[in-house]
Every structure is written in C-alpha cells, then in structure tokens.
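Asks: Predicted model and sequence below, questions to follow.
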Amino acid sequence: MSQEIISQVSSYLTSNVPVIPISQGAEAVVFTTTIHPYAPSNNNTDESIKYILKYRPPKKYRHPSIDKALTKHRTLSESRILAKLSQISGLHVPKLIACDVYNGCIWIEFLGEELPNGSGFSSLKNYLWMCVLDPYSKMVEDTLVKVGYQIGLLHWNDYCHGDLTTSNVVLQNSGTHWEPYLIDFGLGSASTLVEDKGVDLYVLERAVNSTHSRYAEKYSQWLMQGYKEVYEKQSKKGQNKLRDVLKRFEEVRLRGRKRSMLG
Ligand SMILES: Nc1ncnc2c1ncn2[C@@H]1O[C@H](COP(=O)(O)OP(=O)(O)OP(=O)(O)O)[C@@H](O)[C@H]1O
C-alpha cells in the first residue's frame, strides 16, 4: 500500500489517531483504528476495540475539481445509505459513526473476527472455505439461510447492494450461530427496480459459484430459501413482488449465460 496514502490520511486525521491499513480497493483504502471520534478520551489502548475508517484518496488522473465532487458524492452516498439501512428493523449493517465528505472519509463500526484454526477473517468467503470438510452441515445451512434473509430484507425495503460478493458479507459469532452483516455499500442505492434486484442476486450467485462450484447449487438454494422467507411473510403483495424479482433474476441469468457463451 502506498505510503503516500497512509501519510495523507494520517495528516488529515491528526497524529493521535493511529491507523492500520487492511485493504486497498479500486475506490477506497480501508484502515482500522482504535479511536472513536466522539469518545471523551483518546487514550484507548485496548486493541480489541476498533473501528473502520474508509478513505477515498484523491485520484491524480482526474481533474481536481471533478475529483473533489466525485469523492464528496460517493462518500455522502455510502454514508446516507448506511444511515438509512440501520433504521430497518432486523437488517444487519455496520453502524455509521462519522463522515467527512470533503476529505472522503467515513468512520464505521468494525464487524467480524478471526475464524478458528487460522481460517482468516470471518467473511462469508473464508467461512465457506473453512467449512469445506463438512460443506452441507446444519451450521452452513443455517448461516446461508440467514444471509439470504438479510438480502431479502434489503430488497424488500427497496435497496440494492450493487456488489454482492461473498467478501461483502461478514459473519459475527453470537455464541450459538453466525450472524451475517452486509458491508460495502459504495455501489448501493435505493431502488424499486426488479432489474437491480435481479442483478444483485445474479452477482451473488456468480460469487458463490466461483468460491465453491461443487457446492454452489445447494448453497444458492439455501440463500434463496432465506430470501424468499422475507417476501412470503408479506402475504399476497409479497408473493407478487417475489414472483417478479425471481422472473427477472432468471432473465438476468439467461443474459449472463448468453454473454459468456459469445465470449
Ligand atoms: N465494517 C467493517 N468491519 C470489518 N471489516 C470491514 C468493514 N468494512 C470493510 N471491511 C474490510 O475491508 C475490506 C474492504 O472494504 P470495502 O469492501 O468496504 O472497500 P472497497 O474499497 O469498496 O473494497 P473493494 O474495492 O475490494 O470492493 C472488506 O472486504 C473487509 O475485509
């Protein structure tokens, strides 16, 4: 990771905010920090309490004024959607703690943990790899049904994720089971369109397929079981909406297959 980006974020945050880089994507650099921006004291030395800082650094290839406008727009859009989603009962997303749209930075709740036996961070992707010796266990089934339920809740409330991969689902161990949280709403949007929902489901199906093609059929079935549960609870209106989304999902899938056949 570029030292320049780390220096940029450190200088704008002031020297008493320690940051540790954990990921660099195309759009943003993600850090952890032990400091809460509103805590009365900045002397937190407990390393287990941490927060996420998502920073969108300036892009040199863009004109500075366009770059500023885009950074502001994207930071604001992600913050707004996170704030709105945390109002939805039962939906699990990280809490938004603070946002600085001019510097392209958001401060959010840290979720997840290290998986047992060195299996890595508790993304759904790593979790499925961890469970590869017993891929059809009740624990895997329960977790995937819960993931599907979270996506169903998101869609039922007319929001779409935009990048629904197995890395963008983080699991928290509640003691008895794994509770899924959806992260990374950088491409998220409010949408009533069945097309957006169908594309979300297709992206997820592809992601599951590429993580575990051998078990993907069963995994997708469990995901869809949880997804459908949300809509089916909503009587006739829910059934109709579900039918429309599933129909479009099938169409998106067919389009995807045609595209990959044509190369
Ligand atoms: N709230 C969170 N709690 C724990 N880890 C997180 C959180 N948010 C992000 N991360 C970690 O940082 C990584 C990148 O975050 P995120 O996907 O939001 O950034 P991004 O720049 O959009 O990434 P990409 O371009 O790879 O999609 C995640 O895969 C995850 O490992």
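Replies: Perfect, thanks for sending it. Numbering: from 1, shown residues only.
Asks: Near residue 54, how many residues? Count them for me, please.
Replies: When neighbours are defined as other C-beta atoms under 10 Å, residue 54 has 24 of them. Every residue, glycine included, has its C-beta placed from N, CA and C.
Asks: mind listing what the closest residue to residue 225 other than its chain neighbours touches?
Replies: Spatial nearest neighbour of residue 225, chain neighbours left out: residue 145 (5.3 Å); criterion: C-beta to C-beta, 6 or more residues apart in numbering. Shown in contact with residue 145 (C-beta atoms under 8 Å, 6 or more residues apart in numbering): 222-223, 225-226, 229.
Asks: Would you quantify the distance from residue 145 to residue 151?
Replies: For residue 145, the distance to residue 151 equals 11 Å [C-beta to C-beta, to the nearest Å].
Asks: ok, residue 46 touching residue 36?
Replies: No: shown here, residue 46 and residue 36 do not form a contact pair, counting by C-beta atoms under 8 Å, at 11.3 Å.
Asks: between the two, who's got more neighbours?
Replies: When residue 46 is set against residue 36 and neighbours are counted by other C-beta under 10 Å, the residue ahead is residue 36, at 16 against 8.
Asks: Contacts for the helix-or-strand element of the chain with minimal mean pLDDT, please.
Replies: When each helix and strand of the chain is scored by mean pLDDT, DSSP states H and E, helix 3-13 comes last, with a mean of 82. Applying C-beta under 8 Å, 6+ apart, the external contacts of helix 3-13 come out as 17, 19, 21, 24, 29, 31, 53, 55, 57-58, 103, 105.
Asks: Just the buried ones from those?
Replies: Buried members of these, scored by 16 or more other C-beta atoms under 10 Å, are 17, 19, 21, 29, 31, 53, 55, 57, 103, 105.
Asks: State the phi and psi torsions of the residue in the stretch 1-150 of the chain that the ligand sits nearest to.
Replies: Residue nearest to the ligand within the stretch 1-150 of the chain: residue 25 (2.2 Å; C-beta to the nearest ligand atom). Phi and psi for residue 25, reported as degrees, to the nearest 10, are phi -100, psi -170.
Asks: Then residue 181?
Replies: phi -120, psi 140.
Asks: Please apply the same query to the one 10 residues further on.
Replies: Its backbone dihedrals place residue 191 at phi -150, psi 130, with angles given as degrees, to the nearest 10.
Asks: Name the nearest residue to it, sequence neighbours excluded.
Replies: Setting aside the residues directly before and after it, residue 191 is nearest to residue 160 in space (C-beta to C-beta, 6+ apart), at 4.7 Å.
Asks: C-terminal to the least confident helix or strand of the chain, what's the next element?
Replies: The helix or strand immediately downstream of helix 3-13 is strand 20-24, counting by DSSP states H and E.
Asks: Which strands and helices lie in contact with the longest helix anywhere in the chain?
Replies: In the chain, assigned by DSSP state H, the helix with the most residues is helix 235-262. In terms of contacts (3 or more C-beta pairs under 8 Å, 6 or more residues apart in numbering; DSSP states H and E), helix 235-262 is packed against helix 138-156, helix 194-211, helix 216-232.
Asks: what about those, which gets the closest to residue 182?
Replies: Between residue 182 and the helices and strands packed on helix 235-262, the shortest gap by C-beta to C-beta is with helix 138-156, which sits at 5.8 Å.
Asks: centre of the chain versus the following helix or strand past that closest one, how much separation?
Replies: Heading C-terminal from helix 138-156, the first helix or strand you meet, by DSSP H and E, is strand 159-160. Between the centre of strand 159-160 and the centre of its chain there are 12 Å (C-alpha atoms, centre = their mean, to the nearest Å).
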